[in-house]
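**Student:** Below is the sequence, then the predicted model.
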Amino acid sequence: MDAQELAGKLQQGDQRALARAISLAENDHPTGLEILQLLRYRDDVPVVGITGPPGAGKSSLVNALAERWLDAGLRVAVIAVDPTSPFNFGSLLGDRLRMAGLYLHPNLFIRSMASRGSLGGLSPRILEVCDLIKNAGYDRIVIETVGVGQSEVEIAGVADTTVVVMVPEAGDEVQTMKSGVMEIADVFVVNKADRDGAESFARLLRQLSIQRHTAAWEIPVLLTRGDTGDGVDALGEAIIRHHGNLPARRKELLFEKALHLLREQWLRRFPHTALRAELETEAAKPDFNLYRFVANLAQRG
Ligand SMILES: Nc1nc2c(ncn2[C@@H]2O[C@H](COP(=O)(O)OP(=O)(O)OP(=O)(O)O)[C@@H](O)[C@H]2O)c(=O)[nH]1
Ligand SMILES: [Mg+2]
(Lines give C-alpha, C1' and ligand atoms only; values in the text may rest on other atoms or scores of the structure.)
(Ligands and ions follow the chains in the order given, each with its own letter.)
Protein backbone atom coordinates (compact mmCIF):
# COMPACT_ATOMS: atom_id res chain seq x y z
CA MET A 1 0.00 0.00 0.00
CA ASP A 2 1.42 3.39 -0.87
CA ALA A 3 1.36 6.52 1.28
CA GLN A 4 -1.73 7.95 -0.41
CA GLU A 5 -3.72 4.80 0.10
CA LEU A 6 -2.62 4.34 3.71
CA ALA A 7 -3.34 7.98 4.54
CA GLY A 8 -6.81 7.60 3.02
CA LYS A 9 -7.61 4.49 5.05
CA LEU A 10 -6.18 6.04 8.19
CA GLN A 11 -8.40 9.08 7.78
CA GLN A 12 -11.40 6.78 7.56
CA GLY A 13 -10.48 5.50 11.02
CA ASP A 14 -9.05 2.15 9.91
CA GLN A 15 -7.10 0.88 12.94
CA ARG A 16 -4.91 -1.45 10.91
CA ALA A 17 -3.88 1.36 8.59
CA LEU A 18 -3.14 3.48 11.65
CA ALA A 19 -1.02 0.74 13.23
CA ARG A 20 0.85 0.30 9.95
CA ALA A 21 1.48 4.03 9.60
CA ILE A 22 2.74 4.21 13.18
CA SER A 23 5.19 1.38 12.56
CA LEU A 24 6.46 3.10 9.42
CA ALA A 25 6.95 6.37 11.28
CA GLU A 26 8.64 4.65 14.23
CA ASN A 27 11.06 2.92 11.88
CA ASP A 28 11.86 6.15 10.04
CA HIS A 29 10.54 4.63 6.83
CA PRO A 30 10.18 7.31 4.13
CA THR A 31 6.54 6.29 3.58
CA GLY A 32 5.86 7.28 7.21
CA LEU A 33 6.95 10.84 6.52
CA GLU A 34 5.04 10.86 3.23
CA ILE A 35 1.86 9.95 5.09
CA LEU A 36 2.45 12.66 7.68
CA GLN A 37 2.88 15.19 4.89
CA LEU A 38 -0.51 14.23 3.43
CA LEU A 39 -2.47 14.73 6.66
CA ARG A 40 -4.30 17.72 8.03
CA TYR A 41 -2.83 19.73 10.90
CA ARG A 42 -5.02 19.31 13.97
CA ASP A 43 -4.71 20.87 17.38
CA ASP A 44 -8.30 20.28 18.35
CA VAL A 45 -7.64 16.82 19.81
CA PRO A 46 -6.46 17.02 23.42
CA VAL A 47 -3.24 15.13 24.07
CA VAL A 48 -3.08 14.33 27.76
CA GLY A 49 0.10 13.23 29.51
CA ILE A 50 -0.35 11.28 32.73
CA THR A 51 2.84 10.93 34.72
CA GLY A 52 3.86 10.14 38.28
CA PRO A 53 5.87 7.68 40.34
CA PRO A 54 5.57 3.90 39.90
CA GLY A 55 2.38 2.50 41.37
CA ALA A 56 0.71 5.87 41.93
CA GLY A 57 -2.36 4.65 40.06
CA LYS A 58 -1.76 6.13 36.61
CA SER A 59 -3.04 3.10 34.70
CA SER A 60 -6.11 2.87 36.94
CA LEU A 61 -6.90 6.53 36.22
CA VAL A 62 -6.26 6.17 32.48
CA ASN A 63 -8.59 3.22 32.49
CA ALA A 64 -11.31 5.12 34.38
CA LEU A 65 -10.95 8.17 32.12
CA ALA A 66 -11.05 6.04 28.97
CA GLU A 67 -14.15 4.29 30.25
CA ARG A 68 -15.98 7.59 30.76
CA TRP A 69 -14.99 9.06 27.44
CA LEU A 70 -15.91 5.85 25.57
CA ASP A 71 -19.28 5.83 27.34
CA ALA A 72 -19.79 9.36 26.09
CA GLY A 73 -19.34 8.04 22.55
CA LEU A 74 -15.84 9.41 22.04
CA ARG A 75 -12.96 7.63 20.34
CA VAL A 76 -9.99 7.26 22.66
CA ALA A 77 -6.34 6.40 22.05
CA VAL A 78 -4.02 5.33 24.84
CA ILE A 79 -0.24 5.21 24.55
CA ALA A 80 1.67 3.48 27.32
CA VAL A 81 5.32 4.41 27.45
CA ASP A 82 7.06 1.61 29.25
CA PRO A 83 10.61 2.04 30.43
CA THR A 84 11.15 -1.66 30.86
CA SER A 85 9.62 -3.48 27.99
CA PRO A 86 7.77 -2.70 24.80
CA PHE A 87 5.75 -5.89 25.15
CA ASN A 88 3.97 -5.89 28.49
CA PHE A 89 1.65 -2.99 27.82
CA GLY A 90 2.90 -0.44 30.27
CA SER A 91 2.71 -2.60 33.34
CA LEU A 92 -0.82 -3.77 33.79
CA LEU A 93 -2.56 -1.10 31.74
CA GLY A 94 -3.49 -3.82 29.26
CA ASP A 95 -4.81 -5.96 32.10
CA ARG A 96 -6.88 -3.14 33.50
CA LEU A 97 -8.43 -2.39 30.14
CA ARG A 98 -9.08 -6.06 29.60
CA MET A 99 -10.71 -6.46 33.01
CA ALA A 100 -12.92 -3.47 32.38
CA GLY A 101 -14.01 -5.05 29.11
CA LEU A 102 -12.55 -2.14 27.18
CA TYR A 103 -9.77 -4.04 25.52
CA LEU A 104 -11.76 -4.92 22.44
CA HIS A 105 -13.84 -1.75 22.38
CA PRO A 106 -14.01 -0.61 18.74
CA ASN A 107 -13.47 3.03 19.71
CA LEU A 108 -10.35 2.37 21.76
CA PHE A 109 -6.87 2.27 20.26
CA ILE A 110 -4.01 1.13 22.49
CA ARG A 111 -0.35 1.24 21.70
CA SER A 112 2.65 0.55 23.83
CA MET A 113 5.95 2.23 23.09
CA ALA A 114 9.32 1.42 24.53
CA SER A 115 11.05 4.36 26.14
CA ARG A 116 14.35 5.53 24.80
CA GLY A 117 17.62 4.81 26.54
CA SER A 118 18.41 3.97 30.13
CA LEU A 119 17.07 7.29 31.38
CA GLY A 120 13.61 6.44 30.16
CA GLY A 121 13.09 9.28 27.71
CA LEU A 122 10.07 9.35 25.47
CA SER A 123 10.25 7.65 22.11
CA PRO A 124 11.61 10.10 19.54
CA ARG A 125 8.61 9.47 17.28
CA ILE A 126 5.89 10.25 19.82
CA LEU A 127 4.95 13.53 18.09
CA GLU A 128 4.48 11.77 14.78
CA VAL A 129 2.49 8.99 16.43
CA CYS A 130 0.12 11.52 18.03
CA ASP A 131 -0.41 13.29 14.71
CA LEU A 132 -1.25 10.00 12.99
CA ILE A 133 -3.72 9.10 15.74
CA LYS A 134 -5.41 12.52 15.55
CA ASN A 135 -6.02 12.06 11.85
CA ALA A 136 -7.52 8.63 12.40
CA GLY A 137 -10.47 10.35 14.05
CA TYR A 138 -9.66 9.94 17.73
CA ASP A 139 -11.10 12.54 20.08
CA ARG A 140 -8.71 12.06 23.00
CA ILE A 141 -5.12 10.86 23.27
CA VAL A 142 -3.78 9.78 26.65
CA ILE A 143 -0.09 9.04 27.18
CA GLU A 144 0.98 7.26 30.36
CA THR A 145 4.63 7.62 31.36
CA VAL A 146 6.25 6.45 34.57
CA GLY A 147 7.97 9.29 36.34
CA VAL A 148 11.30 7.66 36.90
CA GLY A 149 13.35 9.15 34.13
CA GLN A 150 13.37 11.91 31.58
CA SER A 151 9.98 11.07 30.18
CA GLU A 152 8.10 12.74 33.02
CA VAL A 153 9.51 16.11 32.05
CA GLU A 154 9.65 15.43 28.31
CA ILE A 155 5.94 14.69 28.31
CA ALA A 156 5.26 18.39 28.83
CA GLY A 157 6.75 19.05 25.38
CA VAL A 158 4.30 16.63 23.76
CA ALA A 159 1.07 16.84 25.75
CA ASP A 160 -1.35 19.77 25.69
CA THR A 161 -2.17 18.99 29.28
CA THR A 162 0.15 17.29 31.77
CA VAL A 163 -1.41 15.56 34.74
CA VAL A 164 0.97 14.70 37.59
CA VAL A 165 -0.34 11.87 39.76
CA MET A 166 0.90 11.50 43.32
CA VAL A 167 -0.11 9.59 46.42
CA PRO A 168 -0.55 10.85 50.01
CA GLU A 169 2.68 9.14 51.12
CA ALA A 170 4.60 11.53 48.85
CA GLY A 171 3.69 14.41 51.16
CA ASP A 172 6.94 14.18 53.07
CA GLU A 173 9.07 14.22 49.97
CA VAL A 174 7.32 16.94 48.08
CA GLN A 175 9.44 19.77 49.45
CA THR A 176 12.52 18.08 48.11
CA MET A 177 10.89 16.78 44.96
CA LYS A 178 12.63 17.33 41.68
CA SER A 179 11.52 20.80 40.76
CA GLY A 180 10.90 19.59 37.20
CA VAL A 181 7.76 17.79 38.26
CA MET A 182 6.34 20.82 40.03
CA GLU A 183 6.92 22.89 36.93
CA ILE A 184 5.24 20.66 34.38
CA ALA A 185 1.94 19.98 36.16
CA ASP A 186 -1.13 21.56 34.60
CA VAL A 187 -3.28 19.44 36.89
CA PHE A 188 -2.22 17.73 40.12
CA VAL A 189 -3.91 14.55 41.22
CA VAL A 190 -3.64 13.12 44.70
CA ASN A 191 -4.70 9.55 44.00
CA LYS A 192 -5.43 6.92 46.64
CA ALA A 193 -7.54 9.52 48.38
CA ASP A 194 -8.76 6.73 50.67
CA ARG A 195 -5.41 6.81 52.42
CA ASP A 196 -4.40 8.93 55.41
CA GLY A 197 -3.05 12.36 54.71
CA ALA A 198 -4.65 12.82 51.29
CA GLU A 199 -6.44 16.04 52.24
CA SER A 200 -3.46 17.67 53.91
CA PHE A 201 -1.18 16.68 51.06
CA ALA A 202 -3.63 18.25 48.62
CA ARG A 203 -3.60 21.45 50.68
CA LEU A 204 0.19 21.51 50.60
CA LEU A 205 0.21 21.03 46.83
CA ARG A 206 -2.32 23.86 46.46
CA GLN A 207 -0.05 26.18 48.39
CA LEU A 208 3.01 25.16 46.42
CA SER A 209 1.33 25.59 43.06
CA ILE A 210 -0.03 29.09 43.70
CA GLN A 211 3.19 30.61 42.42
CA ARG A 212 2.56 28.98 39.06
CA HIS A 213 -0.98 30.30 38.68
CA THR A 214 -1.63 32.59 35.73
CA ALA A 215 -4.60 34.65 34.60
CA ALA A 216 -5.54 31.84 32.20
CA TRP A 217 -5.02 28.88 34.52
CA GLU A 218 -5.03 28.01 38.18
CA ILE A 219 -3.59 24.56 38.65
CA PRO A 220 -6.30 22.35 40.15
CA VAL A 221 -5.34 19.82 42.81
CA LEU A 222 -7.82 16.96 42.64
CA LEU A 223 -8.44 14.02 44.92
CA THR A 224 -9.15 10.74 43.12
CA ARG A 225 -9.48 7.02 43.58
CA GLY A 226 -8.18 5.01 40.69
CA ASP A 227 -9.74 1.81 41.95
CA THR A 228 -13.31 3.12 42.26
CA GLY A 229 -13.21 6.01 39.80
CA ASP A 230 -14.11 8.61 42.44
CA GLY A 231 -13.08 12.07 41.31
CA VAL A 232 -12.35 10.96 37.77
CA ASP A 233 -15.24 12.96 36.28
CA ALA A 234 -13.68 16.11 37.74
CA LEU A 235 -10.30 15.09 36.35
CA GLY A 236 -11.78 14.66 32.86
CA GLU A 237 -13.45 18.05 33.13
CA ALA A 238 -10.24 19.75 34.26
CA ILE A 239 -8.35 18.27 31.31
CA ILE A 240 -10.88 19.52 28.78
CA ARG A 241 -11.12 22.92 30.45
CA HIS A 242 -7.33 23.27 30.32
CA HIS A 243 -7.24 22.35 26.65
CA GLY A 244 -9.93 24.89 25.85
CA ASN A 245 -8.47 27.65 28.03
CA LEU A 246 -4.99 27.68 26.68
CA PRO A 247 -4.75 28.27 22.94
CA ALA A 248 -1.54 30.24 23.58
CA ARG A 249 0.03 27.18 25.12
CA ARG A 250 -0.81 25.16 22.01
CA LYS A 251 0.83 27.78 19.81
CA GLU A 252 3.96 27.58 21.93
CA LEU A 253 3.90 23.79 21.73
CA LEU A 254 3.60 24.00 17.96
CA PHE A 255 6.66 26.21 17.82
CA GLU A 256 8.57 23.78 20.05
CA LYS A 257 7.56 20.89 17.83
CA ALA A 258 8.71 22.71 14.70
CA LEU A 259 12.07 23.42 16.38
CA HIS A 260 12.35 19.81 17.44
CA LEU A 261 11.71 18.52 13.92
CA LEU A 262 14.08 21.05 12.42
CA ARG A 263 16.81 20.02 14.84
CA GLU A 264 16.25 16.41 13.84
CA GLN A 265 16.59 17.27 10.16
CA TRP A 266 19.87 18.99 10.87
CA LEU A 267 21.12 16.03 12.84
CA ARG A 268 20.19 13.77 9.97
CA ARG A 269 21.97 16.02 7.52
CA PHE A 270 25.04 16.24 9.70
CA PRO A 271 25.30 12.98 11.63
CA HIS A 272 27.32 13.46 14.80
CA THR A 273 30.07 10.97 13.97
CA ALA A 274 30.70 12.44 10.51
CA LEU A 275 30.56 15.97 11.87
CA ARG A 276 32.96 15.15 14.66
CA ALA A 277 35.45 13.56 12.26
CA GLU A 278 35.29 16.51 9.87
CA LEU A 279 35.66 18.98 12.73
CA GLU A 280 38.71 17.16 14.03
CA THR A 281 40.36 17.17 10.60
CA GLU A 282 39.64 20.85 10.08
CA ALA A 283 40.66 21.84 13.60
CA ALA A 284 44.08 20.29 13.02
CA LYS A 285 44.74 22.80 10.23
CA PRO A 286 46.64 25.95 11.23
CA ASP A 287 44.10 28.36 9.71
CA PHE A 288 41.06 26.69 11.36
CA ASN A 289 38.28 29.03 12.42
CA LEU A 290 35.15 27.68 14.16
CA TYR A 291 32.83 30.39 12.86
CA ARG A 292 33.90 29.94 9.24
CA PHE A 293 33.56 26.18 9.68
CA VAL A 294 29.96 26.47 10.87
CA ALA A 295 29.06 29.06 8.22
CA ASN A 296 30.40 26.74 5.52
CA LEU A 297 28.40 23.83 6.91
CA ALA A 298 25.18 25.83 6.93
CA GLN A 299 25.73 26.93 3.34
CA ARG A 300 26.41 23.38 2.17
CA GLY A 301 22.70 22.71 2.87
N1 LIG B 1 -6.20 2.07 47.78
C2 LIG B 1 -6.13 2.49 46.53
N3 LIG B 1 -5.47 1.75 45.62
C4 LIG B 1 -5.40 2.20 44.35
C5 LIG B 1 -6.01 3.41 43.96
N6 LIG B 1 -5.76 3.61 42.65
C7 LIG B 1 -5.02 2.56 42.24
N8 LIG B 1 -4.80 1.69 43.26
C9 LIG B 1 -4.03 0.44 43.25
O10 LIG B 1 -2.65 0.77 43.17
C11 LIG B 1 -1.93 -0.22 42.41
C12 LIG B 1 -1.14 0.45 41.30
O13 LIG B 1 -2.04 1.00 40.34
P14 LIG B 1 -1.65 1.28 38.85
O15 LIG B 1 -2.82 1.94 38.22
O16 LIG B 1 -1.14 0.05 38.18
O17 LIG B 1 -0.47 2.29 39.04
P18 LIG B 1 0.55 2.87 37.95
O19 LIG B 1 0.91 4.24 38.41
O20 LIG B 1 0.00 2.75 36.58
O21 LIG B 1 1.78 1.89 38.12
P22 LIG B 1 3.03 1.75 37.12
O23 LIG B 1 2.54 1.84 35.72
O24 LIG B 1 3.58 0.39 37.47
O25 LIG B 1 3.97 2.84 37.49
C26 LIG B 1 -2.98 -1.18 41.92
O27 LIG B 1 -3.00 -2.29 42.75
C28 LIG B 1 -4.29 -0.39 42.03
O29 LIG B 1 -5.40 -1.21 42.19
C30 LIG B 1 -6.71 4.17 44.95
O31 LIG B 1 -7.25 5.24 44.71
N32 LIG B 1 -6.74 3.66 46.22
MG1 LIG C 1 0.85 1.88 34.83
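**Tutor:** The structure has been received and is ready for your questions. Residues are numbered from 1 along each chain as shown. Ligands and ions are numbered 1, 2, ... in the order given.
**Student:** Straight-line length of stretch 36-53, end to end?
**Tutor:** 33 Å (CA to CA, to the nearest Å).
**Student:** In it, which residues are buried?
**Tutor:** L36, L39, V45, P46, V47, V48, G49, I50, T51, G52, P53 (16 or more other CB atoms under 10 Å). Glycine gets a C-beta too; all of them are placed from N, C-alpha and C.
**Student:** my guess is the fifth one meets V158, correct?
**Tutor:** Pointing back at V47 there. Yes. The criterion here is CB atoms under 8 Å, and V47 meets it with V158 at 6.6 Å.
**Student:** And the chain, what are its domain boundaries?
**Tutor:** 1-38, 40-247, 256-300 (automatic domain parsing).
**Student:** circling back to that earlier point, how about the buried residues of stretch 36-53, which pair is most distant?
**Tutor:** Greatest spatial distance among those (CB to CB): L39 and P53, at 35.4 Å.
**Student:** contacts for the helix or strand where G8 lies?
**Tutor:** Assigned by DSSP states H and E, G8 belongs to helix 3-11. For helix 3-11, the external contacting residues (CB atoms under 8 Å, 6 or more residues apart in numbering) are 1, 16-18, 20-21, 24, 31, 34-35, 38-39, 132, 135-137.
**Student:** for whichever helix or strand comes after that helix, packing partners?
**Tutor:** Later in the chain than helix 3-11, the nearest helix or strand by DSSP H and E is helix 15-26. Applying 3 or more CB pairs under 8 Å, 6 or more residues apart in numbering; DSSP states H and E, one finds that helix 15-26 makes contact with helix 3-11, helix 30-38, strand 108-114, helix 126-135.
**Student:** buried ones in helix 15-26?
**Tutor:** Across helix 15-26, burial judged by 16+ other CB under 10 Å covers A17, L18, R20, A21, I22, L24, A25, E26.
**Student:** Could you do stretch 68-85 as well?
**Tutor:** Buried residues in stretch 68-85, defined by neighbour count with 16+ other CB under 10 Å: R68, W69, L70, R75, V76, A77, V78, I79, A80, V81, D82, P83.
**Student:** The chain: helices as residue ranges?
**Tutor:** Ranges of helices within the chain are 3-11, 15-26, 30-38, 58-71, 89-99, 126-135, 151-154, 179-184, 198-209, 232-245, 247-269, 272-283, 290-300, based on DSSP state H.
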